[in-house]
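Show me the folded form of this:
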Amino acid sequence: MFANSPDTFASGSAAPLDAGALTRDLHLLGGGWRIAAGAQPPGALLQGSVHTEELRPGLVLYRTAVRDLHSLRTSNLLHPGLKLCMLLQGSSELGYGSRRFALGPQAEHGAAVLVNLAEPDRFVRQWRRGRSEHKVTLTLRPEWFGDAGLEDAGIDAFRREHLAVAPWRPSPRALALAGQLASPPPLTAGLQRLWLESRCLDLAGEALGAVSRAAPPAPAPGLDTRGLRRLRALRDFLDSGAADGMGLAEIARHAGMSAAHLQRHFPRVAGTTVIDYLRGRRLQAAHAALERGEADVAAAALLAGYRSPANFATAFRRRFGVTPRQVRPSW
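Numbers count the residues shown, from 1 in each chain. Predicted coordinates:
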């Protein structure tokens, strides 16, 4: 599924990168980079290359070919915009706001994710010492959409929904384009910018086409604008962790609606049922407990609501692309 692209580390061209090199052009995407978990080590944080370039107002290309030299978690604030992230080699664990994604050959989201930030929010990346990540991320900010003159109800609805995720899986051609973006030809600066932009626009066209085709249907009977607001508030309540010990009936009472109504309409704001959404949250909590060394696999399984560690391991690998033992520190 991954595009063919050169191995930066095999070629011996990888360079050490400190925090300054990592955040040099971060203003094009946001700011406020910080280490969210773990102590900042001295010297190099990564080995490889990181490039951030604004090809035209609101169209930003971010390319990485790196190997983590430490295990930690970083975070930075992002401007609003549509994020098209494609993994070419290795694996990646990242998050936008409250949404978490694992990218890799066996991961739930495969090699790509397309998510919208309707407002500023934080980006989170989990680092794992020795892990390689080769990816490209295309950002389409509001000013780019304004200049593009797109008139599409489905795209407009998607862009209004904060942390909306599109059901997009890149075609083989899109993966090939991403591979080309990762290794552009040696051209003069102006020609290379044009070359990069043309491929970015091809990728954006495919991804936005998927968004348009997946436009949500008209509001279902019995669900008005007020109902949508209540469901979004309930989603935020579930994200807070306050409902982790609650059953469906109790959650429905908290939301002020019947369980049947909740089951029928909740997927409109979360893309899945209440139970599946809570299961994902509990798996995320188990992941965090393992990562911090606060639980062994058996305890993490109970935290996630699984009596069987084997079933937990299967669900964990399906969601994150790694086993629970690979996440837990070895010390």
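
Can you list the buried residues in stretch 148-168?
Using 16 or more other CB atoms under 10 Å as the burial criterion, the residues of stretch 148-168 that qualify are 154-155, 158-159, 162-166, 168. Just so you know, the C-beta spots here come from the backbone N, C-alpha and C atoms, and that holds for glycine as well.

my bad, stretch 268-283
Across stretch 268-283, burial judged by 16+ other CB under 10 Å covers 268-270, 274, 277-283.

Show me those that map onto helices.
When DSSP state H is applied, the buried residues of stretch 268-283 are split such that 268-270, 274, 277-283 fall in helices.

Give me the phi and psi for the closest residue to residue 129 other than its chain neighbours.
Among residues not flanking residue 129 along the chain, residue 71 sits closest, at 4.6 Å (CB to CB, 6 or more residues apart in numbering). Backbone torsions for residue 71, taken as degrees, to the nearest 10, come to phi -110, psi 110.

does residue 71 really touch residue 125, like I thought?
No. At 11.8 Å, residue 71 does not count as touching residue 125 under the criterion of CB atoms under 8 Å.

Can you pull the poorly scored residue ranges out of the stretch 201-331 of the chain?
215-223, 271, 321, 329-331 (pLDDT under 70).

give me that answer again for 90
210-249, 252-298, 300-331 (pLDDT under 90).

Helix, strand or coil: sort out residue 122 for me.
Following DSSP: H, G, I helix; E, B strand; the rest coil, residue 122 is assigned to strand.

where do the strands sit along the stretch 51-200 of the chain?
For the stretch 51-200 of the chain, the strands defined by DSSP state E, counting those that start in this stretch occupy 59-68, 73-78, 81-90, 92-96, 99-103, 112-117, 121-126, 132-140.

Any chance of TSV for those, columns mean pLDDT and mean neighbour count?
Converted to TSV, the strands of the stretch 51-200 of the chain look like this (pLDDT from 0 to 100; neighbours: other CB atoms under 10 Å):
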stretch	mean pLDDT	mean neighbour count
strand 59-68	94	22
strand 73-78	90	18
strand 81-90	93	24
strand 92-96	91	22
strand 99-103	87	21
strand 112-117	92	23
strand 121-126	92	19
strand 132-140	95	24
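
Of all these, which one comes closest to residue 320?
strand 99-103 (4.3 Å; CB to CB).

Run a quick neighbour tally on residue 130.
When counting by other CB atoms under 10 Å, one arrives at 9 neighbours for residue 130.

Look up how far residue 110 lies from the closest residue to residue 178 other than its chain neighbours.
Leaving aside its chain neighbours, residue 178 sits nearest to residue 86 (4.4 Å; criterion: CB to CB, 6+ apart). Using CB to CB, to the nearest Å, we find residue 86 at a distance of 10 Å from residue 110.

What of residue 82?
From residue 82 to residue 110 the distance is 18 Å (CB to CB).

For the nearest residue to residue 307 once chain neighbours are set aside, give me its contacts.
Nearest residue to residue 307 in three dimensions, chain neighbours excluded: residue 301, at 7.4 Å (CB to CB, 6+ apart). For residue 301, the contacting residues are 286, 307-309, 311-313, 324, by CB atoms under 8 Å, 6 or more residues apart in numbering.

Residue 301: what secondary structure?
Following three-state DSSP, the label given to residue 301 is helix.

these two touch, right, residue 252 and residue 266?
No. Residue 252 lies out of contact with residue 266 (CB under 8 Å); the separation is 9.8 Å.

out of these two, which sits in the busier spot?
Neighbour count, other CB under 10 Å: between residue 252 and residue 266, residue 266 has more, with 24 against 20.

hang on, isn't the more buried one packed against residue 237?
No. Counting by CB under 8 Å, residue 237 is not a contact partner of residue 266; they are 11.8 Å apart.

May I have the phi/psi pair for residue 204?
Backbone geometry at residue 204, expressed as degrees, to the nearest 10, gives phi -60, psi -40.

got a list of what it touches?
Here residue 204 is in contact with 84, 138, 140 (CB under 8 Å, 6+ apart).

quick one: which of those residues is nearest to residue 115?
Nearest to residue 115, judged by CB to CB, of the contacts of residue 204 is residue 84 at 8.6 Å.

Report the beta-bridge partners for the closest one.
Beta-bridge pairing for residue 84 (DSSP bridges): residue 114, residue 138.

Pretty sure residue 135 is one of the things it touches, is it not?
No. With contact defined as CB under 8 Å, residue 84 does not reach residue 135; the gap is 10.8 Å.

Let me see the confidence value for residue 127.
Note on residue 127: pLDDT of 90.

OK, contacts around it?
By CB under 8 Å, 6+ apart, residue 127 lies in contact with 45, 68, 70-74.

Could you point out which of these is nearest to residue 226?
Within the contacts of residue 127, the smallest distance to residue 226 is 37.4 Å, found for residue 73 (CB to CB).
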